[in-house]
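J.: Just to be clear, the model below is a prediction. Sequence and coordinates:
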Amino acid sequence: MKKSIKILLVDDDLRNSMLLKRFIEAEGYAVVYANNGKVGLEMYREERPDLILLDINMPELNGFEMARIIREKDKRVIIFFLTDRTDKVDRLHGFSLKGNDYIPKPFYPEELIARINERFESMTVDQDIEYQLGETVFRPNLSSLTFKGETHSLSVRQTEILQMLAENLGKPVERDLILERIWGDASYSNSLALNVQITYIRRLLTDPSVAITSIKKKGYILSATSL
């Protein structure tokens, strides 16, 4: 599977990027490289990668702006922000741009590889699986929600969260379980990121018969009722 997956690495730190590129390629992934956001955007349009590893502080076009332009038309490509900007405001801004992960520098290459592997392994779901939630159809393999003929796209992370809730329809799912399974740990920053993603999923669930209810300090329940 890895040989068919293409990764675009966009970072102006040439030396470290070449080391990271070789490390990722050793895992069997195809990697193309761009040294700034402007070139990265051009290569994204030419290469159509499956995953973008995106630095934020770059000349020509910064990572946040590049992600914003891409997300205007492409909700499916996976975006990992790789950055030394670790403030809460920056993290939340990254997730508001529908980033799928936010990895602070410095990081161990093994950690990045583990997150990449987990991301693509989690996408190998049954192609025919779908969930009927009230009048909404949720298709994890398409990362989509369809209600009365209108379809909304979910990010990969939002899809993973909603699938966990849909698998336990009407039952509480603990926050820590979601965080451990999807983010790998229940840290404070990841907990904030979960809050943000739940907010976006609620906005996309336009069906009034479907709701995600918070259980204070514990978790969430996805419910669907007949109107």
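T.: Great, that's in hand. Numbering: from 1, shown residues only.

J.: If you count contacts, what does the helix or strand of the chain with the lowest mean pLDDT end up packed against?
T.: Ranked by mean pLDDT, DSSP states H and E, the weakest helix or strand in the chain is helix 88-96, scoring a mean of 75. Judged by 3 or more Cβ pairs under 8 Å, 6 or more residues apart in numbering; DSSP states H and E, helix 88-96 is in contact with helix 63-71, strand 101-104, helix 188-204. Where you see a C-beta, it was placed from the backbone N, CA and C, and this is true even at glycine.

J.: Kindly reformat those as JSON lines and extend each row with distance to Tyr29.
T.: JSON lines is the format used below for the helices and strands packed on helix 88-96 (distance: least, Cβ to Cβ, whole Å):
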{"stretch": "helix 63-71", "distance to Tyr29": "19"}
{"stretch": "strand 101-104", "distance to Tyr29": "16"}
{"stretch": "helix 188-204", "distance to Tyr29": "24"}
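
J.: Out of those, which gets the lowest mean score?
T.: Among those, strand 101-104 carries the lowest mean pLDDT, a mean of 85.

J.: how far does whichever helix or strand comes after that one sit from the chain's center?
T.: Past strand 101-104, further along toward the C-terminus, the next helix or strand under DSSP states H and E is helix 109-121. Its chain's C-alpha centre lies 13 Å from the corresponding centre of helix 109-121 when counted by Cα atoms, centre = their mean, to the nearest Å.

J.: Quick check: which helices or strands does helix 109-121 pack against?
T.: In terms of contacts (3+ Cβ pairs under 8 Å, 6+ apart), helix 109-121 is packed against helix 14-26, strand 51-54, strand 78-83, strand 101-104.

J.: Figure out which of those is closest to Val173.
T.: Val173 lies closest to strand 101-104 among the helices and strands packed on helix 109-121, at 20.6 Å (Cβ to Cβ).

J.: Now do the closest one: which elements does it pack against?
T.: Partner elements for strand 101-104 (3+ Cβ pairs under 8 Å, 6+ apart): strand 78-83, helix 88-96, helix 109-121.

J.: how much does the last one deviate in direction from strand 78-83?
T.: Angle between the axes of helix 109-121 and strand 78-83 is 160 degrees (criterion: axes from the mean of the first three to the mean of the last three Cα atoms, to 10 degrees).

J.: what does whatever helix or strand comes next after helix 109-121 rub up against?
T.: Remark: after helix 109-121, the chain's next helix or strand is strand 131-133, criterion DSSP H and E. Residues outside strand 131-133 that contact it (Cβ atoms under 8 Å, 6 or more residues apart in numbering): Val137, Phe138, Pro140, Gln163, Ala166, Leu169, Leu205, Asp207, Val210, Leu222, Ala224.

J.: So for the residues you listed, which is the shakiest by pLDDT?
T.: The weakest per-residue confidence within the contacts of strand 131-133 falls on Pro140 (86).

J.: I'd say that one and Val156 touch.
T.: No: Pro140 lies out of contact with Val156 (Cβ atoms under 8 Å); the separation is 9.8 Å.

J.: for Leu41, what are its contacts?
T.: Leu61, Met66, Ile69, Ile70.

J.: What's the PyMOL syntax to select whichever of those residues are buried?
T.: Here is the PyMOL command that picks out the buried ones among the contacts of Leu41, judged by 16 or more other Cβ atoms under 10 Å:
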select buried, resi 61+66+70
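
J.: Same list, the contacts of Leu41, but as a markdown table with distance to Leu54 please.
T.: As requested, the contacts of Leu41 are exported to a markdown table (distance: Cβ to Cβ, whole Å):
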| residue | distance to Leu54 |
| --- | --- |
| Leu61 | 11 |
| Met66 | 6 |
| Ile69 | 12 |
| Ile70 | 9 |
